[in-house]
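Asker: Quick one, what's the 3D model for this:
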Amino acid sequence: MMSRSHSRAIVPSLLFLFLTAFNAAAQNNGASFAPPEISFTVSMSKPYTHLLEVEMRVSAERLPAELNLIMPVWSPGSYLIREFERNVQDFMVADAASTRTLAWQKTNKNTWRVETSGARELRVTYRVYANDLSVRTNDLDDHHAYWNNVALLMYPEGNLRSPATLTVLPFGDWKVATGLPQIAGKQNTFRAENFDILYDSPVEVSNFKVVSFEVRGVPHRVVIDGEGNYDLERMRRDVKRVVETEVAMMGEIPYHDYTFLLHSAYKNDGGLEHLNSTSLIVERNGFHTEEDWADFLSLVSHEFFHLWNVKRIRPDALGPFDYTKENYTRLLWVAEGITQYYAPLNLRRAGLISDEEYLRTVSRDIQDLQNTPGRLLMSAEEASFDAWIKYYRPDENANNSQVSYYTKGALLGLLLDLEIRKNSKGAKSLDDVMRYLYAEFYKKNRNYTPEDFQRACELMAGTSLDNFFSRFVRGHEELDYNAALNVVGLQLGDGSPPVERTYLGADLGQDGDRLMIRRIYAGSPAYDQGLNTGDQIIALDGQRVNQQSFFARLAEKQAGETLNLTLFRNDELRAFAVKLGKRTVADYRIFPVKQPTPEQIRLYRTWLGIAGS
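Answerer: Numbers count the residues shown, from 1 in each chain. Modelled structure (predicted):
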């Protein structure tokens, strides 16, 4: 995807293909037509209905006899077909000059074909139901409006490279915030150089608060919608520090301004990256502790780092986009996972968390991965490729058959970084890989492949890394944490011997007065002896139990003993005798080695960005 300052860098052949596609659709008696002028007006006259009102105008000296208007089905950065067209209603189209109604029909789930009948300007109107506050969808109520243009605005087929304008008519005295540049002299009217930029620019309309700062003379703002127990001045100061740290790492700012759209909400959380903005959702009263602040800043750090990694350093299939179907790549472990590696690391480098807090975060990631049986069945590349059908649709077996490209990708980022530092004796790092990809691919308007990424890492390491990529990225082998951590004088565990514990292999949860099995782990006694996710446990050894009493009784048992369970499955009373097993529990805390070498100390300090290193 292109930034505004580099949109004219499109290779001529690509532009030719886009225009050819338009002209092919526009042929009428052998003629072809110049791309039309496209504008949108979005209004919200009755916010309580949750209906955003869209007017789309398409004009040209001559329009094709038939024009397809297409609604995207997914949002870049969120790899799932979400069927945005399902929220469209009240579609109408008319000749703007005469107001005569024009004929149209739907030709598939997200395409409206219009008979233009000689009109030079079409006026298309439709409404979109918007009652889903997430970073990837649309939400309108009597408090605010928030939308992603990709989930709201149609495009004329063949015209994704055409410019468009967007005018917002706010409700009452609401204000408008978006990363799009405003057209001089026109209130709440913005221009996008193409639909990729338009679709990459979410909009917030409300009585929001704003805190602002500059980094290297470039303006940044945090737009906050909603009340909460946040500290605005601390937010300004800490977010600025995150920006400064990541800009220092990457070396330049590739945008004219940046907007953080922050929703302080009663539910949901998450973030979605964009070219010069990001959308964030946090729990409105989720700023009680220092750990809460660190979680918020890690989200900011992750989404802001995406402005380089993904939005400009683009994996093979991710831009220009096909908005009508899946765009497959094996590189989400880099796009998301390595971004997640840098999120807490850059907080440490910014001085916003301590060494110990950072290492605890890494330890938790290791714990999560090692508690996932699917890590031995699915590679990082396979997890990336299958994101469209698996990651956003987990079921009760997901933990046993899948791995998160976020978690494993973050840990692969750690191992790669330390491997490069070891082989280059600290002269190079994963930071250099990211800067190299930015210079050699983004600035030369190229997308990178899995092979390109491996070669970039090998260039910085000064040696082949094929063994690493074959085993850990394309393969299913266990990650060698201690070999990597030892490079910087760390080890996993404090040297204490592993502990053997009684093991059932089921996660339980209390749902009111019902004790439910939430998850079963492959290879565990629960899995092998017939317990199921969704079972309701009534009694243990003939006595009624809740979550607290169940685990208290379980703690009294030894491996080899039997649990006599009474449960409901699909409203049928069942009885199971489950023989308990045992498992070795490792200590997934990271500690310094007892006597680090000067080289380990040096690499540790440069890795974490400790002053004076």
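
Asker: got any ranges where the stretch 1-150 of the chain has weak pLDDT?
Answerer: Scanning the stretch 1-150 of the chain for pLDDT under 70 picks out the ranges 1-33.

Asker: let's see 50
Answerer: 1-31 (pLDDT under 50).

Asker: so which helix or strand takes in the closest residue to G337 other than its chain neighbours?
Answerer: The shortest distance from G337 to any non-neighbouring residue, by CB to CB, 6 or more residues apart in numbering, is to G409 (1.2 Å). C-beta here means a position set from N, CA and C on the backbone, and glycine is covered the same way. Assessed by DSSP states H and E, G409 sits inside helix 405-423.

Asker: CA atoms of that helix as CSV?
Answerer: Taking C-alpha atoms only, helix 405-423 is exported to CSV below (Å, rounded to 0.1, in the frame of the first residue of the first chain):
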residue,chain,number,x,y,z
TYR,A,405,1.4,-16.7,14.2
TYR,A,406,1.4,-13.9,16.7
THR,A,407,2.9,-15.9,19.6
LYS,A,408,5.2,-18.1,17.6
GLY,A,409,6.1,-15.3,15.3
ALA,A,410,7.1,-13.1,18.2
LEU,A,411,9.3,-15.8,19.6
LEU,A,412,10.8,-16.5,16.2
GLY,A,413,11.6,-12.8,16.0
LEU,A,414,13.4,-13.1,19.4
LEU,A,415,15.4,-16.1,18.2
LEU,A,416,16.3,-14.6,14.9
ASP,A,417,17.4,-11.3,16.4
LEU,A,418,19.7,-13.1,18.9
GLU,A,419,21.0,-15.4,16.2
ILE,A,420,21.9,-12.5,13.9
ARG,A,421,23.6,-10.7,16.8
LYS,A,422,25.6,-13.8,17.7
ASN,A,423,26.8,-14.5,14.2
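
Asker: Counting by contacts, list what it packs against.
Answerer: Counting contacts by 3 or more CB pairs under 8 Å, 6 or more residues apart in numbering; DSSP states H and E, helix 405-423 is packed against helix 339-349, helix 355-370, helix 380-385, helix 430-437, helix 450-461, helix 466-468, helix 481-485, helix 598-608.

Asker: winner for burial among these?
Answerer: helix 339-349 (a mean of 25; mean count of other CB atoms under 10 Å).

Asker: any idea how far the residue of the chain most remote from its centre lies from V578?
Answerer: Distance from the C-alpha centroid of the chain, by CA atoms, centre = their mean, peaks at G542 (47.0 Å). According to CB to CB, to the nearest Å, G542 and V578 sit 15 Å apart.

Asker: got it, and E500?
Answerer: Using CB to CB, we find E500 at a distance of 18 Å from V578.

Asker: Give me the more crowded residue out of the two.
Answerer: Each of E500 and V578 has its neighbours counted (other CB atoms under 10 Å); V578 has more, 20 against 11.

Asker: Other residues contacting the helix or strand hosting that one?
Answerer: In this structure, V578 sits in strand 572-579 according to DSSP H and E. By CB atoms under 8 Å, 6 or more residues apart in numbering, the residues outside strand 572-579 that reach it are 504, 525-526, 529-531, 535, 538, 560-568.

Asker: Now, those that are in helices?
Answerer: Judged by DSSP state H, helices contain the following of those: P525, A526.

Asker: Buried subset of the contacts of strand 572-579 as a PyMOL selection?
Answerer: PyMOL command restricting those to the buried ones, with burial defined by 16 or more other CB atoms under 10 Å:
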select buried, resi 504+525+526+529+531+535+538+563+565+566+567
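
Asker: Next SSE downstream of the helix or strand bottoming out on mean pLDDT in the chain?
Answerer: Lowest mean confidence among the helices and strands of the chain (mean pLDDT, DSSP states H and E): helix 12-26, at a mean of 40. Scanning forward in sequence from helix 12-26 by DSSP H and E, the next helix or strand is strand 37-43.

Asker: quick check: angle from the following helix or strand past that next one to strand 37-43?
Answerer: Using DSSP H and E, the helix or strand that follows strand 37-43 in sequence is strand 51-59. Orientation check (axes from the mean of the first three to the mean of the last three CA atoms, to 10 degrees): strand 51-59 against strand 37-43 gives 160 degrees.

Asker: who does strand 51-59 touch, helix- and strand-wise?
Answerer: Counting by 3+ CB pairs under 8 Å, 6+ apart, the packing neighbours recorded for strand 51-59 are strand 37-43, strand 121-129.

Asker: contact partners of the first one?
Answerer: Meaning strand 37-43. The contact list for strand 37-43, computed with CB under 8 Å, 6+ apart, reads 52-60, 147, 152-153, 155-156, 159, 162-169, 203.
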